[in-house]
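Q: could you work out the structure for the sequence below:
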Amino acid sequence: MLIPQTCDAKYNSNGILQHLPHAYLCNATKEGGTSMKNYTAPILTSTIWALSYVFTTIAFESFSPVQLLTLRLAIASLLLAFIGYRKGALQRISRKHIPAFVLLALLEPTGYFLCETFGLSLSSPVLASVILSTVPLFAPFIAFLTIGERFSAGNVAGLAVSFIGVLFLTLKGGSLNASPLGLLLLGGAVFFLIVYSIAVKKLQKHYTTHTIVTAQNTIGTLYFIPILLASGNPIPEHIGGSALVSAITLGIFASGLAFVWFGESIKNIGVGKTNAFLNLMPAVTAIASIAITGETIDGQGIIGIVLVIAGLFTSQAKWNFSFRKKERFRDSVRISGF
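A: Here you go, the predicted model:
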(Lines give C-alpha, C1' and ligand atoms only; values in the text may rest on other atoms or scores of the structure.)
Protein backbone atom coordinates (compact mmCIF):
# COMPACT_ATOMS: atom_id res chain seq x y z
CA MET A 1 0.00 0.00 0.00
CA LEU A 2 1.34 3.43 -0.94
CA ILE A 3 1.74 5.92 1.87
CA PRO A 4 1.17 9.54 0.80
CA GLN A 5 4.00 12.03 1.04
CA THR A 6 2.20 13.82 3.86
CA CYS A 7 2.92 10.77 6.01
CA ASP A 8 6.67 11.36 5.97
CA ALA A 9 8.24 13.31 8.78
CA LYS A 10 10.17 16.26 7.31
CA TYR A 11 13.48 17.64 8.59
CA ASN A 12 15.56 20.65 7.66
CA SER A 13 19.21 20.50 6.65
CA ASN A 14 20.25 20.40 10.31
CA GLY A 15 18.12 17.35 11.01
CA ILE A 16 15.50 19.24 13.02
CA LEU A 17 11.94 18.00 12.77
CA GLN A 18 9.77 20.48 10.85
CA HIS A 19 6.66 18.43 10.13
CA LEU A 20 5.11 15.58 12.10
CA PRO A 21 2.47 13.74 10.07
CA HIS A 22 -1.04 13.48 11.46
CA ALA A 23 -1.77 10.05 12.90
CA TYR A 24 -4.95 9.52 10.88
CA LEU A 25 -3.10 10.14 7.61
CA CYS A 26 -0.42 7.61 8.40
CA ASN A 27 -2.31 4.54 9.50
CA ALA A 28 -1.28 2.15 6.75
CA THR A 29 -1.15 -1.40 8.03
CA LYS A 30 0.18 -4.51 6.46
CA GLU A 31 -2.73 -6.55 7.75
CA GLY A 32 -5.89 -4.72 6.89
CA GLY A 33 -5.82 -1.25 5.42
CA THR A 34 -6.08 2.22 6.76
CA SER A 35 -9.61 2.80 7.92
CA MET A 36 -10.99 3.30 11.38
CA LYS A 37 -13.67 0.80 10.33
CA ASN A 38 -11.12 -1.98 10.94
CA TYR A 39 -11.54 -1.24 14.65
CA THR A 40 -15.33 -1.11 14.68
CA ALA A 41 -15.62 -4.90 14.61
CA PRO A 42 -13.43 -5.68 17.67
CA ILE A 43 -15.01 -2.83 19.65
CA LEU A 44 -18.51 -4.15 18.88
CA THR A 45 -17.42 -7.69 19.69
CA SER A 46 -15.94 -6.78 23.07
CA THR A 47 -19.00 -4.69 23.93
CA ILE A 48 -21.41 -7.52 23.09
CA TRP A 49 -19.39 -10.10 24.99
CA ALA A 50 -19.15 -7.79 28.01
CA LEU A 51 -22.91 -7.20 28.04
CA SER A 52 -23.57 -10.91 27.49
CA TYR A 53 -22.88 -11.54 31.18
CA VAL A 54 -26.04 -9.60 32.03
CA PHE A 55 -28.16 -11.64 29.62
CA THR A 56 -26.52 -14.88 30.77
CA THR A 57 -27.49 -14.15 34.38
CA ILE A 58 -31.11 -13.62 33.32
CA ALA A 59 -31.12 -16.74 31.13
CA PHE A 60 -29.83 -18.85 34.04
CA GLU A 61 -33.16 -18.26 35.78
CA SER A 62 -34.61 -20.93 33.46
CA PHE A 63 -31.69 -22.66 31.74
CA SER A 64 -28.73 -24.66 33.02
CA PRO A 65 -25.31 -23.72 31.58
CA VAL A 66 -25.31 -26.69 29.17
CA GLN A 67 -28.92 -26.05 28.12
CA LEU A 68 -28.18 -22.39 27.48
CA LEU A 69 -24.99 -22.97 25.54
CA THR A 70 -26.57 -25.66 23.33
CA LEU A 71 -29.51 -23.35 22.57
CA ARG A 72 -27.18 -20.42 21.87
CA LEU A 73 -25.12 -22.42 19.40
CA ALA A 74 -28.20 -23.82 17.65
CA ILE A 75 -29.69 -20.33 17.25
CA ALA A 76 -26.39 -18.93 15.98
CA SER A 77 -25.98 -21.81 13.51
CA LEU A 78 -29.45 -21.35 12.04
CA LEU A 79 -29.12 -17.58 11.85
CA LEU A 80 -25.71 -17.59 10.18
CA ALA A 81 -26.71 -20.34 7.78
CA PHE A 82 -29.79 -18.34 6.74
CA ILE A 83 -27.82 -15.10 6.29
CA GLY A 84 -25.01 -16.89 4.50
CA TYR A 85 -27.42 -18.60 2.12
CA ARG A 86 -29.25 -15.35 1.30
CA LYS A 87 -26.02 -13.42 0.75
CA GLY A 88 -24.05 -16.20 -0.90
CA ALA A 89 -21.39 -16.02 1.82
CA LEU A 90 -21.21 -19.76 2.52
CA GLN A 91 -18.68 -22.00 0.80
CA ARG A 92 -18.49 -25.74 0.43
CA ILE A 93 -15.90 -27.15 2.83
CA SER A 94 -13.25 -29.30 1.20
CA ARG A 95 -12.96 -32.84 2.51
CA LYS A 96 -9.31 -32.29 3.35
CA HIS A 97 -10.22 -29.37 5.63
CA ILE A 98 -12.94 -31.19 7.61
CA PRO A 99 -10.46 -32.28 10.34
CA ALA A 100 -9.42 -28.64 10.75
CA PHE A 101 -13.03 -27.56 11.32
CA VAL A 102 -13.60 -30.44 13.73
CA LEU A 103 -10.59 -29.24 15.71
CA LEU A 104 -11.73 -25.62 15.50
CA ALA A 105 -15.07 -26.44 17.13
CA LEU A 106 -13.24 -28.41 19.83
CA LEU A 107 -11.27 -25.28 20.65
CA GLU A 108 -14.19 -22.85 20.50
CA PRO A 109 -16.93 -23.14 21.65
CA THR A 110 -16.47 -26.59 23.22
CA GLY A 111 -13.09 -26.48 24.92
CA TYR A 112 -13.18 -22.82 25.89
CA PHE A 113 -16.66 -22.81 27.39
CA LEU A 114 -16.22 -26.10 29.28
CA CYS A 115 -12.91 -24.91 30.75
CA GLU A 116 -14.32 -21.50 31.60
CA THR A 117 -17.53 -22.83 33.17
CA PHE A 118 -15.93 -25.50 35.34
CA GLY A 119 -12.89 -23.33 36.04
CA LEU A 120 -15.16 -20.61 37.41
CA SER A 121 -16.87 -23.16 39.65
CA LEU A 122 -13.50 -24.09 41.19
CA SER A 123 -12.06 -20.57 41.49
CA SER A 124 -12.97 -17.21 42.90
CA PRO A 125 -14.58 -14.86 40.35
CA VAL A 126 -11.84 -12.27 40.88
CA LEU A 127 -8.99 -14.68 40.17
CA ALA A 128 -10.85 -16.13 37.20
CA SER A 129 -11.28 -12.64 35.70
CA VAL A 130 -7.58 -11.92 36.10
CA ILE A 131 -6.50 -15.20 34.49
CA LEU A 132 -8.89 -14.86 31.56
CA SER A 133 -7.65 -11.29 31.03
CA THR A 134 -4.17 -12.62 30.20
CA VAL A 135 -5.35 -13.67 26.72
CA PRO A 136 -4.26 -10.34 25.15
CA LEU A 137 -0.84 -10.61 26.83
CA PHE A 138 -0.03 -14.08 25.50
CA ALA A 139 -1.74 -13.84 22.10
CA PRO A 140 0.97 -11.77 20.32
CA PHE A 141 3.77 -14.12 21.42
CA ILE A 142 1.95 -17.31 20.42
CA ALA A 143 0.87 -15.74 17.11
CA PHE A 144 4.48 -14.76 16.43
CA LEU A 145 5.75 -18.28 17.16
CA THR A 146 3.07 -20.06 15.12
CA ILE A 147 2.22 -17.81 12.16
CA GLY A 148 5.00 -15.22 12.27
CA GLU A 149 2.74 -12.29 13.16
CA ARG A 150 4.97 -9.39 14.16
CA PHE A 151 4.62 -7.06 17.10
CA SER A 152 6.71 -4.33 18.67
CA ALA A 153 7.86 -3.49 22.18
CA GLY A 154 5.44 -0.56 22.08
CA ASN A 155 2.54 -2.91 21.36
CA VAL A 156 3.48 -5.11 24.32
CA ALA A 157 3.87 -2.06 26.57
CA GLY A 158 0.35 -1.00 25.64
CA LEU A 159 -1.00 -4.45 26.46
CA ALA A 160 0.75 -4.35 29.83
CA VAL A 161 -0.79 -0.95 30.65
CA SER A 162 -4.21 -2.21 29.58
CA PHE A 163 -3.80 -5.32 31.74
CA ILE A 164 -2.91 -3.17 34.74
CA GLY A 165 -6.13 -1.28 34.08
CA VAL A 166 -8.03 -4.58 34.15
CA LEU A 167 -6.43 -5.33 37.53
CA PHE A 168 -7.63 -1.97 38.84
CA LEU A 169 -11.16 -2.85 37.73
CA THR A 170 -11.22 -6.42 39.04
CA LEU A 171 -9.08 -6.40 42.19
CA LYS A 172 -11.51 -4.61 44.48
CA GLY A 173 -11.48 -7.01 47.35
CA GLY A 174 -12.68 -10.57 47.11
CA SER A 175 -10.86 -13.86 47.34
CA LEU A 176 -8.04 -14.97 45.04
CA ASN A 177 -8.45 -18.64 45.92
CA ALA A 178 -8.55 -21.45 43.39
CA SER A 179 -7.96 -25.17 43.35
CA PRO A 180 -5.11 -26.51 41.19
CA LEU A 181 -7.71 -28.00 38.85
CA GLY A 182 -9.50 -24.65 38.66
CA LEU A 183 -6.27 -22.91 37.67
CA LEU A 184 -5.56 -25.59 35.08
CA LEU A 185 -9.02 -25.25 33.54
CA LEU A 186 -8.85 -21.44 33.39
CA GLY A 187 -5.40 -21.69 31.83
CA GLY A 188 -6.90 -24.11 29.32
CA ALA A 189 -9.59 -21.56 28.44
CA VAL A 190 -6.90 -18.97 27.75
CA PHE A 191 -4.97 -21.44 25.60
CA PHE A 192 -8.04 -22.53 23.64
CA LEU A 193 -9.11 -18.98 22.80
CA ILE A 194 -5.65 -17.98 21.55
CA VAL A 195 -5.17 -21.13 19.47
CA TYR A 196 -8.70 -20.69 18.11
CA SER A 197 -7.76 -17.18 16.92
CA ILE A 198 -4.72 -18.54 15.12
CA ALA A 199 -6.71 -21.40 13.56
CA VAL A 200 -9.26 -18.90 12.22
CA LYS A 201 -6.44 -16.85 10.70
CA LYS A 202 -5.08 -19.91 8.89
CA LEU A 203 -8.50 -21.05 7.65
CA GLN A 204 -9.20 -17.58 6.26
CA LYS A 205 -6.72 -18.38 3.50
CA HIS A 206 -9.34 -20.75 2.09
CA TYR A 207 -12.75 -19.69 3.45
CA THR A 208 -14.83 -16.65 4.30
CA THR A 209 -15.18 -15.77 7.97
CA HIS A 210 -18.93 -16.39 7.68
CA THR A 211 -18.29 -19.95 6.50
CA ILE A 212 -15.82 -20.59 9.32
CA VAL A 213 -18.07 -19.32 12.13
CA THR A 214 -21.17 -21.06 10.75
CA ALA A 215 -19.32 -24.39 10.62
CA GLN A 216 -17.80 -23.79 14.05
CA ASN A 217 -21.21 -23.23 15.66
CA THR A 218 -22.88 -26.10 13.79
CA ILE A 219 -20.22 -28.63 14.78
CA GLY A 220 -20.17 -27.17 18.30
CA THR A 221 -23.91 -27.78 18.57
CA LEU A 222 -23.36 -31.41 17.59
CA TYR A 223 -20.69 -31.69 20.30
CA PHE A 224 -22.97 -30.28 22.99
CA ILE A 225 -26.09 -32.32 22.21
CA PRO A 226 -24.62 -35.54 23.72
CA ILE A 227 -23.36 -33.53 26.70
CA LEU A 228 -26.86 -32.10 27.14
CA LEU A 229 -28.46 -35.55 26.97
CA ALA A 230 -25.90 -36.98 29.39
CA SER A 231 -26.69 -34.23 31.90
CA GLY A 232 -30.04 -35.91 32.60
CA ASN A 233 -31.87 -32.60 32.28
CA PRO A 234 -32.04 -31.74 28.57
CA ILE A 235 -35.20 -29.61 28.75
CA PRO A 236 -35.89 -26.82 31.28
CA GLU A 237 -38.84 -27.41 33.58
CA HIS A 238 -40.09 -23.85 33.14
CA ILE A 239 -39.00 -21.19 30.65
CA GLY A 240 -39.62 -17.58 31.64
CA GLY A 241 -40.19 -14.94 29.00
CA SER A 242 -37.18 -12.81 29.98
CA ALA A 243 -34.94 -15.87 30.13
CA LEU A 244 -36.01 -16.96 26.65
CA VAL A 245 -35.47 -13.48 25.19
CA SER A 246 -32.03 -13.37 26.82
CA ALA A 247 -31.11 -16.78 25.39
CA ILE A 248 -32.20 -15.76 21.89
CA THR A 249 -30.27 -12.49 22.21
CA LEU A 250 -27.15 -14.39 23.26
CA GLY A 251 -27.52 -16.78 20.32
CA ILE A 252 -27.94 -14.01 17.76
CA PHE A 253 -25.29 -11.60 19.00
CA ALA A 254 -22.83 -13.23 21.43
CA SER A 255 -22.49 -16.62 19.70
CA GLY A 256 -23.36 -15.52 16.17
CA LEU A 257 -22.60 -12.05 14.89
CA ALA A 258 -19.90 -11.24 17.44
CA PHE A 259 -17.81 -14.23 16.35
CA VAL A 260 -18.12 -13.16 12.71
CA TRP A 261 -16.91 -9.68 13.65
CA PHE A 262 -14.15 -11.18 15.79
CA GLY A 263 -13.01 -13.28 12.83
CA GLU A 264 -13.13 -10.31 10.43
CA SER A 265 -11.02 -8.34 12.90
CA ILE A 266 -8.44 -11.13 12.97
CA LYS A 267 -8.35 -10.99 9.19
CA ASN A 268 -7.95 -7.21 9.07
CA ILE A 269 -5.64 -6.31 11.97
CA GLY A 270 -4.23 -9.65 13.15
CA VAL A 271 -4.52 -12.05 16.07
CA GLY A 272 -2.60 -10.01 18.64
CA LYS A 273 -4.29 -6.68 18.04
CA THR A 274 -7.75 -8.23 17.90
CA ASN A 275 -7.36 -10.03 21.21
CA ALA A 276 -6.11 -6.81 22.79
CA PHE A 277 -9.66 -5.48 22.57
CA LEU A 278 -10.84 -8.15 25.00
CA ASN A 279 -9.43 -5.93 27.75
CA LEU A 280 -12.28 -3.55 26.97
CA MET A 281 -14.76 -6.01 28.45
CA PRO A 282 -14.34 -5.17 32.16
CA ALA A 283 -14.34 -1.46 31.30
CA VAL A 284 -17.58 -1.82 29.31
CA THR A 285 -19.10 -3.84 32.15
CA ALA A 286 -18.20 -1.13 34.65
CA ILE A 287 -19.66 1.63 32.47
CA ALA A 288 -22.80 -0.42 31.78
CA SER A 289 -23.30 -0.99 35.49
CA ILE A 290 -23.30 2.77 36.03
CA ALA A 291 -25.75 3.39 33.19
CA ILE A 292 -28.11 0.46 33.78
CA THR A 293 -28.10 -0.19 37.52
CA GLY A 294 -27.05 3.24 38.76
CA GLU A 295 -23.94 1.90 40.47
CA THR A 296 -21.28 4.42 41.41
CA ILE A 297 -17.65 4.13 40.42
CA ASP A 298 -14.75 5.06 42.66
CA GLY A 299 -11.35 6.50 41.83
CA GLN A 300 -9.81 3.07 41.39
CA GLY A 301 -12.42 2.18 38.80
CA ILE A 302 -11.90 5.44 36.89
CA ILE A 303 -8.14 4.87 36.83
CA GLY A 304 -8.74 1.34 35.59
CA ILE A 305 -10.95 2.47 32.70
CA VAL A 306 -8.44 5.17 31.69
CA LEU A 307 -5.55 2.69 31.76
CA VAL A 308 -7.47 0.12 29.72
CA ILE A 309 -8.30 2.65 27.00
CA ALA A 310 -4.84 4.25 27.00
CA GLY A 311 -3.14 0.86 26.89
CA LEU A 312 -5.42 -0.33 24.12
CA PHE A 313 -4.65 2.78 22.05
CA THR A 314 -0.92 2.22 22.57
CA SER A 315 -1.15 -1.49 21.73
CA GLN A 316 -2.63 -0.67 18.31
CA ALA A 317 0.20 1.68 17.35
CA LYS A 318 2.90 0.88 14.84
CA TRP A 319 6.05 2.26 16.42
CA ASN A 320 8.82 3.12 13.95
CA PHE A 321 12.04 4.50 15.41
CA SER A 322 15.28 5.34 13.62
CA PHE A 323 18.34 7.38 14.48
CA ARG A 324 20.48 9.81 12.49
CA LYS A 325 24.26 9.57 12.43
CA LYS A 326 24.63 12.08 15.25
CA GLU A 327 22.29 9.98 17.42
CA ARG A 328 19.43 12.43 17.01
CA PHE A 329 16.05 10.96 17.70
CA ARG A 330 14.31 11.14 14.37
CA ASP A 331 11.22 9.27 13.50
CA SER A 332 7.63 9.45 14.50
CA VAL A 333 4.91 7.09 15.61
CA ARG A 334 2.53 5.84 12.96
CA ILE A 335 -0.82 4.92 14.40
CA SER A 336 -2.45 1.93 12.72
CA GLY A 337 -6.13 2.73 12.70
CA PHE A 338 -6.93 5.10 15.54
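Q: alpha carbons only for contacts and neighbour counts from here, please
A: Will do.
Q: give the buried residues for the helix or strand in which Q216 is found.
A: Using DSSP states H and E, Q216 falls within helix 209-230. By neighbour count on 16 or more other C-alpha atoms under 10 Å, the buried set for helix 209-230 is 209-221, 223-225, 228.
Q: same question, stretch 43-61
A: Result for stretch 43-61 [16+ other C-alpha under 10 Å]: buried residues 43-52, 55-56, 58-60.
Q: what's the closest of those to I93?
A: T45 (25.8 Å; C-alpha to C-alpha).
Q: before we move on, the earlier item: which one of the buried residues of stretch 43-61 is nearest to V126?
A: Looking across these and measuring by C-alpha to C-alpha, the closest to V126 is A50, at 15.5 Å.
Q: contacting residues for the closest one?
A: With contacts defined as C-alpha atoms under 8 Å, 6 or more residues apart in numbering, A50 is in contact with 281-282, 284-285.
Q: most surrounded residue in those residues?
A: P282 (25 neighbours; other C-alpha atoms under 10 Å).
Q: any idea how far T221 is from it?
A: 28 Å (C-alpha to C-alpha, to the nearest Å).
Q: now do A291
A: In terms of C-alpha to C-alpha, A291 sits 34 Å off from T221.
Q: of the buried residues of stretch 43-61, which belong to helices?
A: Residues of the buried residues of stretch 43-61 located in helices (DSSP state H): 43-52, 55-56, 58-59.
Q: could those go into TSV alongside distance to L107 and pLDDT?
A: Listed next are these as TSV, based on distance: C-alpha to C-alpha, whole Å; pLDDT from 0 to 100:
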residue	distance to L107	pLDDT
I43	23	95
L44	22	95
T45	19	96
S46	19	95
T47	22	95
I48	21	95
W49	18	94
A50	21	91
L51	23	91
S52	20	91
F55	23	91
T56	21	89
I58	26	91
A59	24	94
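Q: low-confidence ranges in the stretch 151-300 of the chain?
A: Residue ranges of the stretch 151-300 of the chain with pLDDT under 70: 173-175, 293.
Q: all helices for it, in order.
A: For the stretch 151-300 of the chain, the helices defined by DSSP state H, counting those that start in this stretch occupy 153-170, 180-203, 209-230, 241-249, 258-269, 271-276, 280-288, 299-315.
Q: for V102, find the nearest of those helices.
A: That would be helix 209-230 among the helices of the stretch 151-300 of the chain, by C-alpha to C-alpha, at 6.9 Å.
Q: can you check what angle separates the closest one from helix 258-269?
A: 140 degrees (axes from the mean of the first three to the mean of the last three C-alpha atoms, to 10 degrees).
Q: other SSEs contacting helix 209-230?
A: Applying 3 or more C-alpha pairs under 8 Å, 6 or more residues apart in numbering; DSSP states H and E, we find helix 209-230 packed against helix 65-87, helix 98-105, helix 180-203, helix 258-269.
Q: and with 7 Å instead?
A: helix 65-87, helix 98-105, helix 258-269 (3 or more C-alpha pairs under 7 Å, 6 or more residues apart in numbering; DSSP states H and E).
Q: name the residues that touch that helix?
A: Under the contact criterion C-alpha atoms under 7 Å, 6 or more residues apart in numbering, helix 209-230 has outside partners 66-67, 70, 73-74, 76-77, 80-81, 84, 89-91, 101-102, 104-105, 109-110, 234, 259-260, 263-264.
Q: in this structure L107 contacts F192, no?
A: Yes. Between L107 and F192 there is a contact at 5.2 Å, judged by C-alpha atoms under 7 Å.
Q: re the thing from before, in JSON lines: the helices and strands packed on helix 209-230, plus mean neighbour count and distance to A143.
A: Putting the helices and strands packed on helix 209-230 into JSON lines (neighbours: other C-alpha atoms under 10 Å; distance: least, C-alpha to C-alpha, whole Å) gives the following:
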{"stretch": "helix 65-87", "mean neighbour count": "20", "distance to A143": "27"}
{"stretch": "helix 98-105", "mean neighbour count": "18", "distance to A143": "16"}
{"stretch": "helix 258-269", "mean neighbour count": "24", "distance to A143": "11"}
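Q: as a markdown table, those helices with distance to V130 would be great.
A: Listed next are those as a markdown table, based on distance: least, C-alpha to C-alpha, whole Å:
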| stretch | distance to V130 |
| --- | --- |
| helix 65-87 | 22 |
| helix 98-105 | 25 |
| helix 258-269 | 21 |
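Q: for these, which one sits closest to P125?
A: Taking the helices and strands packed on helix 209-230 one by one with C-alpha to C-alpha, helix 65-87 is closest: 16.4 Å.
Q: run the chain-centre distance for that closest one.
A: 19 Å (C-alpha atoms, centre = their mean, to the nearest Å).
Q: ok and it relative to helix 258-269, angle-wise?
A: Using the same axes, to 10 degrees, helix 65-87 lies at 60 degrees relative to helix 258-269.
Q: what mean pLDDT does helix 65-87 get?
A: In this model, helix 65-87 carries a mean pLDDT of 96.
Q: what about the closest residue to G263 other than its chain neighbours, distance to G84?
A: Residue nearest to G263 in three dimensions, not counting chain neighbours: T209, with 5.9 Å by C-alpha to C-alpha, 6 or more residues apart in numbering. According to C-alpha to C-alpha, T209 and G84 sit 10 Å apart.
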